[in-house]
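Visitor: Sequence first, then the predicted structure, then my questions.
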Amino acid sequence: MTGRPAIETSGLGKDYGRRRAVSVVDLRVAAGEVFGLLGPNGAGKTTILRVLMDLIRPTAGRARLLGLDARRDSVAVRSKVGYLPADFAVYPELTGHEVLRLCAGLRGHPDLATAHDLAHRLELELDRPWGELSRGNRQKLGLVQAFLHDPELVLLDEPSSGFDPLAQRVLHDWLRAYADRGGAVLLSSHALSEVERTADRIGVLLDGRLELVGRVDELTGAALREVEFSFATPVPAAVFEDLPGVREVTATGATVRCRFTGPVAELLRVAADHDPRSVTGHEPDLEDAFVDYVERHRTHAH
Ligand SMILES: Nc1ncnc2c1ncn2[C@@H]1O[C@H](COP(=O)(O)OP(=O)(O)OP(=O)(O)O)[C@@H](O)[C@H]1O
Ligand SMILES: [Mg+2]
């Protein structure tokens, strides 16, 4: 991480009345980095993005974006930061062109080259009224306006929601190229295979707390892996249950399935003594790792 962080929050919290939505979030996102904010529905992702954009006020802590104070310097923040809200909507009679010209005027950035470039890549028709666009195409317009003023940082709330696989690829390539030029991205997403491909680091929010921050491979590396053996004759689960790292063993006839963390070596050695006929393995992807993490965390919490 070099130079000033693009986003820096300390002790950020937000209560809605008596309901705590976000508590003590310390988040740093560097220039040139794509950071994925993950978490179950209601975890607080949208709330954090809205606090950063000064659309709602935090009840605790503070946030800086590009060295500017999120609250005091919110006007300057808006001229340098792009934002795609979760519920992007405009007047239905406005065409894409009109929306972009309006945004360009409001942000004092008349050059529409970036917006046209992205709209073209997404095959978005800009001469149709918003009200006539399909859901995915409305979302594309939302994405295009977020990048319109060549921001140094973008906050994207579920940017690919409604996107077809082609648009998802365009978004992925666009974000990578943007970050490679030094732009910073904070995105919230439930599309975990996409986050896995796009994000440099991820943070997992649970009940308003940032419980884990790391590289994608750190989360997948800690997740449960799975291996299934078929033996010549039935083998009891107990043979594998006490091996290091083994969490769960299911024995059905001559088939034994183990879920485990860490190296597979000991499992293979023990299996080899029981006349194995076949072995298949499954490496966790980010989605497996995320579900696994949330489930384990909830088990501990209750
Ligand atoms: N205006 C509001 N008034 C009261 N509670 C709210 C309000 N907005 C959000 N909340 C609550 O704050 C918590 C966090 O909501 P938030 O929308 O930030 O979650 P999220 O992580 O974006 O979820 P999702 O994945 O569904 O988009 C939830 O418990 C939600 O019910
Ligand atoms: Mg949300």
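Guide: Structure received. Ligands and ions are numbered 1, 2, ... in the order given.
Visitor: residues from the chain in reach of ligand 2?
Guide: 45-46, 86 (Cβ under 5 Å from the ion). Every C-beta, even on glycine, is put in place using the N, C-alpha and C of the backbone.
Visitor: run the last query once more with 8 Å
Guide: 41, 45-47, 49, 86, 157-158, 188 (Cβ under 8 Å from the ion).
Visitor: List buried residues within those.
Guide: Among those, the ones that count as buried by 16 or more other Cβ atoms under 10 Å are 45-47, 49, 157-158, 188.
Visitor: Number of residues surrounding residue 253?
Guide: Using other Cβ atoms under 10 Å, residue 253 is surrounded by 10 other residues.
Visitor: Residue 269 now?
Guide: Going by other Cβ under 10 Å, the residues that sit close to residue 269 add up to 10.
Visitor: where are the low-confidence patches of the stretch 151-300 of the chain?
Guide: Along the stretch 151-300 of the chain, the model assigns pLDDT under 70 to no residue.
Visitor: Can you classify the residue found closest to residue 212 once you drop the neighbours it is linked to in the chain by secondary structure?
Guide: Computed as Cβ to Cβ, 6 or more residues apart in numbering, the closest residue to residue 212 that is not its neighbour in sequence is residue 204, at 4.4 Å. Secondary structure for residue 204, judged by DSSP: H, G, I helix; E, B strand; the rest coil, is strand.
Visitor: what's across from residue 204 in the sheet?
Guide: residue 38, residue 212 (DSSP bridges).
Visitor: does it really touch residue 216, like I thought?
Guide: No: using Cβ atoms under 8 Å, residue 204 is not in contact with residue 216; the gap is 11.3 Å.
Visitor: ok, the residue positioned nearest the centre of the chain - contacts?
Guide: By Cα atoms, centre = their mean, the chain has its centre lying nearest to residue 36, at 3.2 Å. Residues in contact with residue 36 (Cβ atoms under 8 Å, 6 or more residues apart in numbering) are 187-189, 195, 198-199, 201-203.
Visitor: The same query, at a cut-off of 10 Å, please.
Guide: Counting by Cβ atoms under 10 Å, 6 or more residues apart in numbering, residue 36 makes contact with 156, 185-189, 191-192, 194-196, 198-204, 216, 286.
Visitor: residue ranges for the helices of the chain, please.
Guide: Remark: helices assigned in the chain by DSSP state H are 45-52, 74-80, 96-106, 113-121, 135-147, 165-180, 192-198, 216-222, 238-241, 265-272, 286-301.
Visitor: Quick check: residue 182 vs ligand 2, distance?
Guide: 27 Å (Cβ to the ion, to the nearest Å).
Visitor: try residue 88
Guide: Applying Cβ to the ion, the value for residue 88 to ligand 2 is 12 Å.
Visitor: again, but for residue 64
Guide: 22 Å.
Visitor: start the count at 257, not 1, going forward
Guide: OK, 257 is where the count begins now, so the last one is residue 320.
Visitor: Is that residue in contact with residue 264, as I believe?
Guide: Yes: counting by Cβ atoms under 10 Å, residue 320 touches residue 264, with 4.7 Å between them.
Visitor: What are the buried residues along stretch 363-379?
Guide: Within stretch 363-379, judged by 16+ other Cβ under 10 Å, the buried ones are 363, 365, 368, 370-372, 374-375, 377-378.
Visitor: quick revisit: neighbours of the residue nearest to residue 468, just the number please.
Guide: Using other Cβ under 10 Å: residue 460 sits among 22 other residues.
Visitor: correct me, but it touches residue 474?
Guide: No: counting by Cβ under 10 Å, residue 460 stays clear of residue 474, with 11.1 Å between them.
Visitor: okay, and the common contacts of those two?
Guide: Shared contacts of residue 460 and residue 474, counting by Cβ under 10 Å, 6+ apart, come down to 468, 545.
Visitor: who's in contact with residue 368?
Guide: Contacts of residue 368 (Cβ under 10 Å, 6+ apart): 353, 356-357, 359-360, 375, 382, 400, 404-405.
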